[in-house]
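Trainee: I would like the atomic coordinates for the input below:
(2 chains)
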There are 2 protein chains.
Amino acid sequence: MAIRSIELDSAAALLSFEQLRAQLRAIGEERYHHKHPFHLMMHEGLLTRGQLQAWALNRYYYQSIIPIKDSIILSHGLDPSFRRAWRKRIIDHDGDANREGGIQRWLKLAEATGLNADKVRAGTGILPATRFAVNEYLNIVRNRSLLEAVASSLTELFSRDLISLRMEKLREHYPWLSGGLDYFEARLTQAPDDAKFAVDYVYANAKTRAEQELAIQALRDKCDILWALLDALYFAYVQPGWPPPGAFRMRELEE
Amino acid sequence: MAIRSIELDSAAALLSFEQLRAQLRAIGEERYHHKHPFHLMMHEGLLTRGQLQAWALNRYYYQSIIPIKDSIILSHGLDPSFRRAWRKRIIDHDGDANREGGIQRWLKLAEATGLNADKVRAGTGILPATRFAVNEYLNIVRNRSLLEAVASSLTELFSRDLISLRMEKLREHYPWLSGGLDYFEARLTQAPDDAKFAVDYVYANAKTRAEQELAIQALRDKCDILWALLDALYFAYVQPGWPPPGAFRMRELEE
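Mentor: The predicted model follows:
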């Protein structure tokens, strides 16, 4: 039920690979969450431990649905070679016999902030607004075309720079978190590989300009989801907001 | 993908009609949006015209999906007598040959705030967080049982008191809005009728305590949706938040 009114001259020319990539990158510049004040405060060392806990707790809900999101995408992929490529993402997050996955690594980060991993896993105190925004990611991949679902993953085009900066700043300002950064370390190589595949896929499979515009809109919508997650955190846990009834209150969940 | 962990002694006794109704009312006391600071400011006359515009615009998205929500519920109703009763809601909001519906009435309210009805209908500048919260209402009625979908409508148990107060306060503090209050006038009688039907339905169709608890949880989740809509408005348009990229900025949409 997103409102998506793509206004387009039907004769508009197909974007070249370079043009498409430039438009996708411009969306990141405009609305990726690297510019969100919550992240700026994090990178300046201005967040309290309680605020970092609220972030780790709420972001866990996002992490926990990523393999579900990717399973939906897998279920829409008719081509075995596409599914072989995409299933890597599920393994990256759920792990296998030899490696723990991204979800487990995020729990280690949450523990490093002082949260109890079992409570985080149970979702105790997650903001309703977090659930609504994250569930919208599932709505997008479930209800739109495979092309748009793949395009919505393209925030990975922008994540390496943000993660590199974040790791440096977390180590500098919150050295007690340093033992919990394995998640980010792994994403430094996983995300760029995934983004390359997805950009190539979008370019190859968007056969008209209208389809290219739908793909671009899906990335815009995904950026809005990530941004809304931080708005909700900022409003509930940074001045002068308040957590809604039933949500995590700072210091309540510490072990 | 809501996290719903209902912990319950399997031998727990079925609630009586009065007990069930009391538990539903207690949820309203705890988390219905009559206590939200955005509404408190409205009732004290502290909101600016721009803030009332932002409210009318964003709340329009909620209004616009209500008949879609009720159509999903209708599609899950196997009993013709249930469907005959429930379809009234669709007519109330979409109108018929003799009466304009609630959606049209809400547009009149939006116009009374100074917004352009066509732009409101197009959804220009609606907060992403509004879409995410409202779409979650569709997720609930689509993915849960009919019992839970019906129960999620039970915020209507609480709406008459809020609407009565709101009409009085809007007339007092914002007399220039008085011509736009038909929506609320109609809801004063529609909502209590609907709530009575839904409470009776939930009591008659929740055959176990576990089902009663699921119904209660659905109402709690619905309250969280309404609350989150106002959080997003407060954060974006009341100090010291900011609207996210692409969202309505105050004064920009006036005719």
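Trainee: Quick check: the gap between the residue nearest the centre of chain A and chain B.
Mentor: By C-alpha atoms, centre = their mean, the mean C-alpha position of chain A lies nearest to residue A:226, the distance being 6.0 Å. Distance from residue A:226 to chain B, counting by C-beta to the nearest C-beta, to the nearest Å: 10 Å. Glycine gets a C-beta too; all of them are placed from N, C-alpha and C.
Trainee: Over to residue A:206: give its phi and psi.
Mentor: With angles defined as degrees, to the nearest 10, residue A:206 sits at phi -90, psi 100.
Trainee: State the distance from it to chain B.
Mentor: Per C-beta to the nearest C-beta, residue A:206 is found 22 Å from chain B.
Trainee: For that residue, which non-adjacent residue is spatially closest?
Mentor: Take residue A:206 and drop its neighbours on the chain: the residue closest to it by C-beta to C-beta, 6 or more residues apart in numbering or on different chains is residue A:212, 4.3 Å away.
Trainee: before we move on, what about residue A:70?
Mentor: Leaving aside its sequence neighbours, residue A:70 sits nearest to residue A:89 (C-beta to C-beta, 6+ apart; 4.5 Å).
Trainee: circling back: unless I'm mixing things up, the residue nearest to residue A:206 is touching residue A:15, no?
Mentor: Yes: contact criterion C-beta atoms under 8 Å: residue A:212 and residue A:15 qualify, at 5.4 Å.
Trainee: how much does the helix or strand the residue nearest to residue A:206 falls within deviate in direction from helix B:209-237?
Mentor: Using DSSP states H and E, the element containing residue A:212 is helix A:209-237. Orientation check (axes from the mean of the first three to the mean of the last three C-alpha atoms, to 10 degrees): helix A:209-237 against helix B:209-237 gives 90 degrees.
Trainee: elements contacting helix A:209-237?
Mentor: The contact analysis (3 or more C-beta pairs under 8 Å, 6 or more residues apart in numbering or on different chains; DSSP states H and E) places helix A:209-237 against helix A:17-31, helix A:37-43, helix A:49-76, helix A:128-143, helix A:146-151, helix A:182-205, helix B:128-143, helix B:209-237.
Trainee: redo that, cut-off 7 Å
Mentor: helix A:17-31, helix A:37-43, helix A:49-76, helix A:128-143, helix A:146-151, helix B:128-143, helix B:209-237 (3 or more C-beta pairs under 7 Å, 6 or more residues apart in numbering or on different chains; DSSP states H and E).
Trainee: Same list, those, but as a markdown table with distance to residue B:94 please.
Mentor: Converted to a markdown table, the helices and strands packed on helix A:209-237 look like this (distance: least, C-beta to C-beta, whole Å):
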| stretch | distance to residue B:94 |
| --- | --- |
| helix A:17-31 | 34 |
| helix A:37-43 | 40 |
| helix A:49-76 | 32 |
| helix A:128-143 | 23 |
| helix A:146-151 | 29 |
| helix B:128-143 | 16 |
| helix B:209-237 | 21 |
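Trainee: Need the ones you listed in a markdown table (columns: mean pLDDT and distance to residue B:155).
Mentor: Compiled in a markdown table, the helices and strands packed on helix A:209-237 are given as follows (pLDDT from 0 to 100; distance: least, C-beta to C-beta, whole Å):
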| stretch | mean pLDDT | distance to residue B:155 |
| --- | --- | --- |
| helix A:17-31 | 95 | 32 |
| helix A:37-43 | 94 | 30 |
| helix A:49-76 | 95 | 24 |
| helix A:128-143 | 97 | 14 |
| helix A:146-151 | 98 | 33 |
| helix B:128-143 | 97 | 10 |
| helix B:209-237 | 94 | 5 |
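Trainee: Those: which one's closest to residue A:98?
Mentor: Judged by C-beta to C-beta, the one of the helices and strands packed on helix A:209-237 that comes nearest to residue A:98 is helix A:49-76, at 17.2 Å.
Trainee: mind listing what's buried in that closest one?
Mentor: By neighbour count on 16 or more other C-beta atoms under 10 Å in any protein chain shown, the buried set for helix A:49-76 is A:50-67, A:69-74, A:76.
Trainee: Compute the inter-axis angle for that helix and helix A:209-237.
Mentor: 150 degrees.
Trainee: What is the burial count for residue A:27?
Mentor: Residues within reach of residue A:27, counting by other C-beta atoms under 10 Å in any protein chain shown, total 20.
Trainee: got it, and residue A:114?
Mentor: Other residues lying near residue A:114 total 17 when counted by other C-beta under 10 Å.
Trainee: go on, residue A:176?
Mentor: Counted by other C-beta under 10 Å, the residues lying close to residue A:176 total 12.
Trainee: The closest residue in space to it that isn't next to it in sequence and chain B: what is the separation?
Mentor: Nearest residue to residue A:176 in three dimensions, chain neighbours excluded: residue A:112, at 7.2 Å (C-beta to C-beta, 6+ apart). Distance of residue A:112 to chain B, given as C-beta to the nearest C-beta: 23 Å.
Trainee: what residues does the stretch 51-200 of chain A put near chain B?
Mentor: A:65, A:122-123, A:126, A:128-129, A:131-133, A:135-136, A:138-139 (C-beta under 7 Å from any C-beta of the partner chain).
Trainee: Was I right to think residue A:190 contacts residue A:92?
Mentor: Yes: under the criterion of C-beta atoms under 7 Å, residue A:190 makes contact with residue A:92 at 5.3 Å.
Trainee: Looking at these two, which is more packed in?
Mentor: Comparing residue A:190 with residue A:92 by other C-beta under 10 Å, the one with more neighbours is residue A:92, at 22 against 18.
Trainee: quick one: the more buried one and residue A:102 touch, right?
Mentor: Yes: counting by C-beta under 7 Å, residue A:92 does reach residue A:102; the two are 5.8 Å apart.
Trainee: residue contacts, the residue nearest to residue A:206?
Mentor: Residues in contact with residue A:212 (C-beta atoms under 7 Å, 6 or more residues apart in numbering or on different chains) are A:14, A:15, A:20, A:206.
Trainee: same check, this time on residue A:238
Mentor: Neighbours of residue A:238 in contact, by C-beta under 7 Å, 6+ apart: A:38, A:51.
Trainee: gap between it and residue B:37?
Mentor: As judged by C-beta to C-beta, to the nearest Å, residue A:238 and residue B:37 stand 16 Å apart.
Trainee: burial measure for the closest residue to residue A:214 other than its chain neighbours, as a count.
Mentor: What sits nearest to residue A:214 in space, not counting adjacent residues and going by C-beta to C-beta, 6+ apart, is residue A:148, at 5.4 Å. Residue A:148 has 23 neighbours, counted by other C-beta under 10 Å.
Trainee: so where does the closest residue to residue A:66 other than its chain neighbours fall, helix or strand?
Mentor: In space, and not counting its chain neighbours, residue A:66 is closest to residue A:93: 5.0 Å by C-beta to C-beta, 6+ apart. Under the criterion of DSSP H and E, residue A:93 resides in helix A:80-94.
Trainee: I'd like the average pLDDT over the next helix-or-strand element following that helix.
Mentor: Counting by DSSP H and E, the next helix or strand C-terminal to helix A:80-94 is helix A:102-112. In this model, helix A:102-112 has a mean pLDDT of 96.
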